[in-house]
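Peer 1: Build me a structure from this.
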Amino acid sequence: MYDILRTTYTAVTKPRKLQVVQLQPAIDWSLVWGNLHNAKLVDEGRSTWYLVTHVILSTNVRLYKIRLTDTDECKQCGCQDTVSLIAE
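Peer 2: I've put the predicted structure just below:
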């Protein structure tokens, strides 16, 4: 049954773009992924960049949206605790 449902679902839907690609379409993501893949990073550093580039890092903004924290502000500076992929 599972195989039938999976086959039906994948036959009807198109592959979706990653959320980060949808949010920042002007960035050359193939270059970003290549740089991350080729970078000499320890696994912990690579994992952190994976979370950042896939917009799944546990910032207070994200945790506040799913009601796991009382505020979306940084505890140190009081500004929104988020990750910006584009330097401002």
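
Peer 1: ok, now how distant is residue 52 from residue 70?
Peer 2: 24 Å (Cβ to Cβ, to the nearest Å). Every residue, glycine included, has its C-beta placed from N, CA and C.

Peer 1: out of these two, which sits in the more crowded spot?
Peer 2: residue 52 (16 against 9; other Cβ atoms under 10 Å).

Peer 1: So which residues make contact with the strand or helix carrying that one?
Peer 2: In this assignment (DSSP states H and E), residue 52 forms part of helix 43-53. For helix 43-53, the external contacting residues (Cβ atoms under 8 Å, 6 or more residues apart in numbering) are 20, 32, 36, 39, 41, 57-58, 83, 85.

Peer 1: ok, and for that helix, which residues are buried?
Peer 2: Residues 52-53 are the ones in helix 43-53 that count as buried (16 or more other Cβ atoms under 10 Å).

Peer 1: Output that helix as CSV, nothing but the C-alphas.
Peer 2: C-alpha atoms of helix 43-53 as CSV (Å, rounded to 0.1, in the frame of the first residue of the first chain):
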residue,chain,number,x,y,z
ASP,A,43,31.6,17.7,10.8
GLU,A,44,30.2,20.1,13.4
GLY,A,45,31.0,23.1,11.2
ARG,A,46,29.5,21.4,8.2
SER,A,47,26.4,20.6,10.1
THR,A,48,26.0,24.2,11.3
TRP,A,49,26.3,25.5,7.8
TYR,A,50,23.7,22.9,6.6
LEU,A,51,21.3,24.2,9.2
VAL,A,52,21.9,27.8,8.2
THR,A,53,21.6,27.3,4.4
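
Peer 1: average pLDDT across the helix or strand just after it?
Peer 2: The helix or strand immediately downstream of helix 43-53 is helix 60-65, counting by DSSP H and E. The average pLDDT for helix 60-65 rounds to 88.
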